[in-house]
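S.K.: A predicted structure for the sequence below; I have some questions about it.
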Amino acid sequence: MNYISAQEIADKWGISKRRVQVLCASNRIKNAKKIGNMWVVPSNAAKPKDARYKGTGKTAVTTKQISPIKKARREIKAIADKMFNSIVNENYSAEDSKHISVCLFATELLTNILTQRSNTVNHKIVKNVVASTLECDIEIPDCLKEKFSGIIYKFISNNSFCIDDALAWFYQYTNKLSDNTGISSTQFFTEKYMITALVDSIDVFTVNGKILDPACGGGNFLLYCFDILAKKDISKNDSKLEVQSKMKNILSKLFGYEIDVFLAAVASFTLKIKALLTLDSYGHQIHISDFEQFEPNIFYSVNHSYIGALDCKKSEHKVCKVGNKQITTMETVFSNVDCVLTNPPFKTVKGMSDNLKQYLKQYYPDSKCDMCNAFISLTSNILNKNGKAGLVTQNSWIYLDSFIDFRREILSNSSIKSIIELGSNAFYDLSGEKANIALLTFEKSNYENDNFIKLTSLKNLPQQKYEQLLNTKSNIENYTRRVSQYEILNTESVQFDMFSSKGLRDILKNSSTYGEYAIPMQGTSTGNAKSLIDFYWRHIGDSDWVPVSKGGGYSRWQGLNYYCVKWGTDGEFIKSQPGSAIRNAAYFEETELVFSDTGTAGLNVRVLLPGQLFVASGPGIRLKYGDIYSHLAFLNSRFTSYFIRLLSPKLTIAAGYIAKLPVNEKLLISPSLAKNAEMCLVEKKKRISKRPINIEFDLKDYHSEKESISECSYEWFMEDINSEWKQLCHEQAIEDEIEYTFELCKEDIETIEDQVGKKIVYSLPEETISVDDIESALVSSLDTNCMISRTRVGKASLGCDGIIEYLSQKTGFSCESIYKTLKRNNVFKGKIETLYVNFFLHSIVINAIGIGENLLDGQLSVSDLTNKVLINNQNLEYERVMITKWITNSFTKTHKTAFLNKPLYAYSRESDSIISIGGKEFE
């Protein structure tokens, strides 16, 4: 078999070398193999079909595999919930119930380990040993032990692979149920795959001195370090005494500090369990006395401390060792440290106590009141020269402008070895965008100019995929690039670029910034959005309430105009609220564009309506130069969303990062870009104007020759998809012009697609699609207003602006194929027809009742309402009975759902009329 290089096959197939490497690494090219660091491919290899984009319809049935660890954790969580609530019901306090639950679980854990491996077990002794180790002085009735021993035993029997850290996880879940300290909000114990990735990458077995976890939690990092060191030091031929001696030596190197006293005891217990299991694994019989002889170096503060390990006066900070109650200073525990491994608390200024906030400002100023960053600084400070560190961090310090000085400090005083960005959903028990994770390793040494940092971005991969990559350590290089630490330190923003191609890095470095041509602004903070921002239809006719751009969702060009703000005279109602801030009110009339500050779905920019204000969640942009529509086109491009994610991968988009976007001045005055944006706006308005939820609702020009409700509804369906298809074509023309202007190469485009997903507008070669491939997805994707109920398909993808785009992202078929299938095939049936019939009738009925200036005040009989509907839609005279029936049977429910559970009207059976309820509930 003849082989050729990755570059040769890339040229042959017309794709980038990088894409070939990814295809090889994911076993997509048959018989491809790696020779050294190079991939080679059979010369006659077939180009794989693009599985990122090509849908497979209903034939693609996948079974989601749940990892054994996740399954075990779910079982632990269920046991914790059952035990805790049952004990609370026995009239114990929440805190006592936590202690009792943990002690019972620990007792059963130790009893079962000893029972399976020892001839005799004295249950009373075990119970006393556990109570002593966990420092729990609550008398636990035997009836509680008998009540739960069965379910704990079953768990242990089925999950022997994770019993060493089971108690730590049990504690976390129980603590969530009982917490009254606020600590549990920052306690997310480290996943095993994160621990192995960090510990293995710093070669912990080469560390000769002290290994410290300054926020040790349940001791999970120390458990794995113990495993690694035991495998290195202990031989299968060692006697029991030799194994015990070596394990004590290993434990003498492992140190942990924990601010939560009870959790510190749990960490000590888990390490003793680990030692016991290790002794057994080398073939030696174990007894309760073996458990008692091990004394892990786990410490907690003698006096309550809100700063814990971050205390800069460590010589004065008294700490106590779990077990023997030895008192020493934090300085002693934190001195002569050769390795730090930790997952620090994730707490930022929001919700932080004033005391802690002031302390961090004084002693860790560059951390900007971010505890995770403060722990990175602490780690650097306490390490010996050439010491090693591995930390689980949030990724904000990597990117945000507010951490420039912090990045400069770390880069100047350390040699960073690697950063692996995992993004959101990295923790099994923490979903969504609450924590974006990066794994950091560095050494305490002055960096050399030739030090290159390994930057690995896995954040757009499914969690299961990047966990596999980190566990197997294979093919991860395909997601990694090496960057000079010197170059990063000497850039203006001292920013890590985790994934850009060279071309995109050059664009960012050499281009003008958007802030030179426009001013993205902050919006007003009301101080009480719940009272001062509401749906517009609940305050029609009240001059104190003014239309407002609230943002909060995803919509390009125009939309999300459902809201108003209680403004009064010069913002009087907002000014009266504590914590409020009027911002940029002087520029309301000059502002032309607004955007949603929620950034997970990408940058989405809209026109500001006449007389509309903007607030913090829907801030404004005022232009200094260029055409409004050219600006609108540029800002709604995938190119800008890519750079927004690069510059600020946060849940929210700050105005300052929009100002930093790279731009070419020609684009902001481009007539063709402006024309395409105008047409996008025209098409978007067509769809918005039919939906009463929008301020722009307007059916005065609506007319149809169709004589049945079904035909009219189908006509609206076709108008929607025709309009969206035109918008998609104009958007593609915008993308093409931006790509041409910036001279983007294949690698640049593929890099953008890797980070924001691929939008396939036009049909792919040999693409086949049937109505079965999209019908179920279509039904589940539409809400009562026949708008998409979700705008985002996956973790990496951007938001969608309509049903065609959404179905394309969902199925992998091109937008054009989706569009043609919707036009050509009979999809308008069943649930789709029902949805559009309800949508159509709701709109024409609301139009007849009145909204806006024509708002109904009082009631309107169903007979009169039907007549009004037919005056506007005379062609539907033959449907009079159906319209009347729909008003009496379906209007109230449909209207309530369409108006987001704050309906304007309801049908009264008593008076056989529609009555005004002003956005209130109606039974």
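M.R.: Okay, I see it.

S.K.: Identify the single longest strand in this structure, thanks.
M.R.: strand 383-394 (DSSP state E).

S.K.: Helix or strand next in line after it, which one?
M.R.: helix 396-399 (DSSP states H and E).

S.K.: What is that following helix packed up against?
M.R.: helix 371-382, helix 404-413 (3 or more CB pairs under 8 Å, 6 or more residues apart in numbering; DSSP states H and E). Every C-beta, even on glycine, is put in place using the N, C-alpha and C of the backbone.

S.K.: Highest mean neighbour count out of the ones you listed?
M.R.: Highest mean neighbour count among the helices and strands packed on helix 396-399 (mean count of other CB atoms under 10 Å): helix 371-382, with a mean of 23.

S.K.: Just the angle for it relative to strand 383-394, thanks.
M.R.: Our comparison of helix 371-382 with strand 383-394, counting by axes from the mean of the first three to the mean of the last three CA atoms, to 10 degrees, yields an angle of 170 degrees.

S.K.: Can you point out the buried residues in the longest strand of the chain?
M.R.: 383, 387-394 (16 or more other CB atoms under 10 Å).

S.K.: same thing with stretch 93-111?
M.R.: Neighbour-count burial for stretch 93-111 flags 96-111 (criterion: 16+ other CB under 10 Å).

S.K.: Helices of the stretch 601-750 of the chain, start to end?
M.R.: 628-635, 638-647, 655-659, 671-688, 709-742, 746-756 (DSSP state H, counting those that start in this stretch).

S.K.: Just put those helices in CSV and tack on mean neighbour count, distance to residue 325 and mean pLDDT.
M.R.: As requested, the helices of the stretch 601-750 of the chain are exported to CSV (neighbours: other CB atoms under 10 Å; distance: least, CB to CB, whole Å; pLDDT from 0 to 100):
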stretch, mean neighbour count, distance to residue 325, mean pLDDT
helix 628-635, 25, 63, 98
helix 638-647, 24, 51, 93
helix 655-659, 20, 52, 93
helix 671-688, 20, 70, 97
helix 709-742, 19, 66, 96
helix 746-756, 21, 53, 92
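
S.K.: And those helices: which comes nearest residue 47?
M.R.: helix 746-756 (14.3 Å; CB to CB).

S.K.: Can you check the distance spanned by stretch 593-613, start to finish?
M.R.: End-to-end distance of stretch 593-613: 11 Å, with CA to CA, to the nearest Å as the criterion.

S.K.: centre of the chain versus that stretch, how much separation?
M.R.: Relative to its chain's centre, stretch 593-613 lies at 21 Å (CA atoms, centre = their mean, to the nearest Å).

S.K.: Same question for stretch 704-718.
M.R.: The chain centroid and the centroid of stretch 704-718 are separated by 41 Å under CA atoms, centre = their mean.

S.K.: out of the helices of the stretch 601-750 of the chain, which comes closest to residue 33?
M.R.: That would be helix 746-756 among the helices of the stretch 601-750 of the chain, by CB to CB, at 23.2 Å.

S.K.: Show me what whichever helix or strand comes after that closest one is packed up against.
M.R.: Downstream of helix 746-756, the first helix or strand assigned by DSSP H and E is helix 771-781. Taking 3+ CB pairs under 8 Å, 6+ apart as contact, the helices and strands that helix 771-781 lies on are helix 803-811, helix 815-824, helix 830-849.
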